[in-house]
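Participant: Need coordinates for the following:
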Amino acid sequence: MAQKKDVQVIIDDKVITLSADESVEYMQKVALYINNKKQECRMSDQYHRLPSDYQSLLLSLNIADDYFKAKEKVDQLQADIQKLEKSNYDIQHDQIEMKIKYESSQKMLEDYKEQLSSTQKRLLELEAENAVAKSVAKGTSKGTSKLKTAAPGKSADS
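Facilitator: Residues are numbered from 1 along each chain as shown. Next up, the predicted model:
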């Protein structure tokens, strides 16, 4: 536990000694806030007409109003932070999903490339076999036509 510090501050033109666990700068900041709120209240004509206990009550109400407005703003900011954190989580989740899909697509692409390469090799083999078969068939058909023309008992001229 931090040791309490004593600090003298001026509030409403009176020197007051404050003792708290807070820093000296913080306690001076609080005193300045009270003086500024008191000055805001004094700017109203009605404030001067009020008895001192009502003036204190009005000052307290203004401070409470500031507190609740600040608290509401903090609560809203915390809610916004939670929404942003959830949105960030969702985006990261989507990013991971997209990375998995991308990696899967890359794997499929590599598989398809291998299949394409294999299919192209097979096509070249089949085209080569087809060329050989055509060549053999052509050679066989030329030989057959020579045989027909050279058949016994008939002349090649007829």
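
Participant: what's the helix or strand for the residue positioned nearest the centre of the chain?
Facilitator: Residue closest to the average C-alpha location in the chain (CA atoms, centre = their mean): I91, at 4.2 Å. According to DSSP states H and E, I91 maps onto helix 52-149.

Participant: again with V9
Facilitator: Using DSSP H and E, V9 sits in strand 5-11.

Participant: Low-confidence ranges, the chain, go.
Facilitator: Judged by pLDDT under 70, the chain has its weakly predicted residues at 1, 141-158.

Participant: again, only using 50
Facilitator: Within the chain, the stretches with pLDDT under 50 are 147, 150-151, 158.

Participant: can I assume Q3 sits in a strand?
Facilitator: No. Using DSSP: H, G, I helix; E, B strand; the rest coil, the assignment for Q3 is coil, not a strand.

Participant: which residue packs closest to it, ignoring adjacent ones?
Facilitator: D21 (7.7 Å; CB to CB, 6 or more residues apart in numbering). Where you see a C-beta, it was placed from the backbone N, CA and C, and this is true even at glycine.

Participant: Surely that neighbour is in contact with A2?
Facilitator: Yes. Using CB atoms under 8 Å, D21 and A2 qualify as a contacting pair, with a distance of 4.7 Å.

Participant: how close does E40 get to Y33?
Facilitator: Using CB to CB, to the nearest Å, E40 is found at 11 Å from Y33.
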